[in-house]
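Colleague: Could you look at this predicted model? Sequence included:
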Amino acid sequence: MKNFLEYINTNVLVKVASLNSISVIVKIIAGFLTSKALALFVGSEGMALVGNLRNFTGSIQSISILGLYKGVVKYIAQFKKDTVQLSKVLSTVFYLGFISSLLMSFLVYLKADYISDLIFKDYNNYAYIIRIFAVAIPFYCLNMFAFSILNGFGKYKYLIIFNIFGQILGATVTILLIWQQKVDGALIAVVVAESLIFLITLVGIINRRNFAPLIKSSNFSLSFARKLSSYSGMALFSAIILPLIAILIRSYIIDNIGLKEAGFWEAMNRISKYYLLFVTTLLTMYILPRFSEIDNIKDFRKEVFGFYKSIIPIFAVGLVVIYFLRHFIVQVVLTDEFTPVEDLFLWQLMGDFIKVLSVVIAYQFLAKRMFWHYIITEAFSVTTLYFTSTLLIDEFGVVGANMAYFITNVMYYAIILLIFYSSLFGVLPDNLEGE
């Protein structure tokens, strides 16, 4: 805990901690409000359709920016005082993103009917929603490009403020669309909400007009493109495979149990996502940069067990409280229709607890660019999740998917401990470098 506090006190986070807390709280409130609107106006069946569309759009958005975000931030931060190198970074990323987003937009627009049938099956023809999404893709890419520039230059205050206003704008538009158009409105909100945030981040970029002259086609660099490829590979793998597995599991529930039950599973996932924000934000803002800095096993071990001793007990208590308040949470965030969701909490909460234990260590894959370790463990995880889900859904119903989530995270954690066993538990000399 001492190291954690010392790091915070000497890091730029101390200047933005209060704003970031507000940002997380606003995001959670916005999520709860939109979940309530979905529960009231579209019900469990509509929520299942929204879940499938959200997984699809998230995957396509990541592909359209080639999973470059973290790598872009790293190199902009590294070369922000070197105009020549900075121009190469900005030019390379801009043109890669420009070409990729236009290609994805064109492809999605042309294949809208096929995609609609794939995501929604026999429930309705929402090809027009897919076409709206196709038009919105380039604006999402521009927004992420703007975010990466601000993040790379350390403009955390602006980023957090833009996030706050973006969440408010997104929630407002989503609730209005759901209120007016029910399921159609909810689906439209999914495909346009992220792109609308560009209207806000555009303000930040306009105030930094000196970036525009640095973006030149002649400065496109294959060298930087290769350097960004490892970040891109890891990000794209997760961006494609994780939403795909979620769609497959949700579709399996729909086909074998029912659309309503798939909506219950989606509702549980939404609740989980929002209470996990407190931990995932901390991991991103502290663990990832800290692991990137340390270069020996001793410090790596100290950070992992320090996090376990200081944060995990608080997280565990929070999960216990959530479990005992599950009836109240379902009633406040959702509606009486979603009462069966209460039966999913136990396995989901246990799975989330094990997931956080493993992710704390697994961030070392990203920090040290351990590409194949990341790909192989992720592939094992998603494969296990899908097959255990299908087996347990057949046996226990929709709760089987949450049971599979818990089992998968236990197995993933075991593999992570095996990979990092010597780093975490071995007797090592002080000068031995880390993984």
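Modeller: Received, thanks. Numbers count the residues shown, from 1 in each chain.
Colleague: Which residue ranges make up the domains of this structure?
Modeller: 16-222, 276-435 (automatic domain parsing).
Colleague: can I get the ones you listed in CSV with distance to residue 246?
Modeller: For every residue, glycine as well, the C-beta is placed using N, CA and C. Below are the domains of the chain laid out as CSV (distance: least, Cβ to Cβ, whole Å):
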stretch, distance to residue 246
domain 16-222, 5
domain 276-435, 9
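Colleague: okay if I get these as TSV plus mean pLDDT and mean neighbour count?
Modeller: Below are the domains of the chain laid out as TSV (pLDDT from 0 to 100; neighbours: other Cβ atoms under 10 Å):
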stretch	mean pLDDT	mean neighbour count
domain 16-222	81	19
domain 276-435	86	17
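Colleague: And those domains: which comes nearest residue 261?
Modeller: Proximity to residue 261 (Cβ to Cβ) singles out domain 276-435 among the domains of the chain, at 4.4 Å.
Colleague: Work out the gap between that closest one and the centre of the chain.
Modeller: Relative to its parent chain, domain 276-435 has a centroid offset of 14 Å by Cα atoms, centre = their mean, to the nearest Å.
Colleague: Stretch 29-45 now?
Modeller: For stretch 29-45, the separation from the chain centroid amounts to 20 Å (computed by Cα atoms, centre = their mean).
Colleague: Need the residues that contact that stretch.
Modeller: With contact meaning Cβ atoms under 8 Å, 6 or more residues apart in numbering, stretch 29-45 is reached by 46-47, 50, 167-168, 170-171, 174-175, 178-179, 182-183, 186, 189, 259-264, 266-267, 270-271, 273-274, 332-335, 337-338.
Colleague: if you set the cut-off to 6 Å instead, what comes out?
Modeller: Under the contact criterion Cβ atoms under 6 Å, 6 or more residues apart in numbering, stretch 29-45 has outside partners 47, 167, 171, 174-175, 178, 182-183, 186, 259-260, 263-264, 270, 274, 333-335, 337.
Colleague: Export that stretch to PDB, keeping only CA atoms.
Modeller: Extracted in PDB, the C-alpha atoms of stretch 29-45 (Å, rounded to 0.1, in the frame of the first residue of the first chain):
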ATOM      1  CA  ILE A  29     -24.800   6.600 -13.400                       C
ATOM      2  CA  ALA A  30     -25.100   6.900 -17.200                       C
ATOM      3  CA  GLY A  31     -24.900   3.200 -17.500                       C
ATOM      4  CA  PHE A  32     -27.500   2.600 -14.900                       C
ATOM      5  CA  LEU A  33     -29.900   5.200 -16.400                       C
ATOM      6  CA  THR A  34     -29.600   3.600 -19.900                       C
ATOM      7  CA  SER A  35     -30.000   0.100 -18.500                       C
ATOM      8  CA  LYS A  36     -33.100   1.300 -16.700                       C
ATOM      9  CA  ALA A  37     -34.500   2.800 -19.900                       C
ATOM     10  CA  LEU A  38     -33.700  -0.400 -21.800                       C
ATOM     11  CA  ALA A  39     -35.500  -2.500 -19.100                       C
ATOM     12  CA  LEU A  40     -38.600  -0.200 -19.100                       C
ATOM     13  CA  PHE A  41     -39.000   0.400 -22.800                       C
ATOM     14  CA  VAL A  42     -37.500  -2.600 -24.600                       C
ATOM     15  CA  GLY A  43     -37.500  -5.400 -22.000                       C
ATOM     16  CA  SER A  44     -35.200  -8.400 -21.700                       C
ATOM     17  CA  GLU A  45     -35.700  -9.500 -25.400                       C
END
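Colleague: and residue 261, what element?
Modeller: Residue 261 belongs to helix 259-275 when assigned by DSSP states H and E.
Colleague: So which bits of that helix are buried?
Modeller: Across helix 259-275, burial judged by 16 or more other Cβ atoms under 10 Å covers 259-272, 274-275.
Colleague: Kindly spell out which helices and strands sit in contact with that helix.
Modeller: Counting contacts by 3 or more Cβ pairs under 6 Å, 6 or more residues apart in numbering; DSSP states H and E, helix 259-275 packs against helix 13-41, helix 43-64, helix 222-256, helix 345-367.
Colleague: now, which of the buried residues of helix 259-275 sits nearest residue 25?
Modeller: For those, the minimum distance to residue 25 (Cβ to Cβ) is 10.6 Å, reached by residue 274.
Colleague: Report the inter-axis angle for the longest helix anywhere in the chain versus helix 43-64.
Modeller: Across the chain, the longest stretch assigned as helix under DSSP state H is helix 156-196. Following axes from the mean of the first three to the mean of the last three Cα atoms, to 10 degrees, one obtains 110 degrees for the angle between helix 156-196 and helix 43-64.
Colleague: Name the nearest residue to residue 419, ignoring sequence neighbours.
Modeller: What sits nearest to residue 419 in space, not counting adjacent residues and going by Cβ to Cβ, 6 or more residues apart in numbering, is residue 373, at 6.5 Å.
Colleague: And the one you found, how far from residue 418?
Modeller: Computed as Cβ to Cβ, to the nearest Å, the residue 373 to residue 418 distance reads 11 Å.
Colleague: Kindly report the same for residue 338.
Modeller: Look at residue 338 and residue 418: by Cβ to Cβ, they are 39 Å apart.
Colleague: picking that back up, downstream of the helix holding residue 261, the next helix or strand is which one?
Modeller: Defined by DSSP H and E, the subsequent element after helix 259-275 is helix 277-282.
Colleague: Using PDB, write down the CA coordinates of that following helix.
Modeller: Only the C-alpha atoms of helix 277-282 are listed here, as PDB (Å, rounded to 0.1, in the frame of the first residue of the first chain):
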ATOM      1  CA  LEU A 277     -15.100   0.000 -13.600                       C
ATOM      2  CA  PHE A 278     -13.700   1.000 -10.200                       C
ATOM      3  CA  VAL A 279     -11.100  -1.800 -10.500                       C
ATOM      4  CA  THR A 280     -10.400  -1.700 -14.200                       C
ATOM      5  CA  THR A 281      -9.800   2.100 -14.100                       C
ATOM      6  CA  LEU A 282      -7.300   1.600 -11.300                       C
END
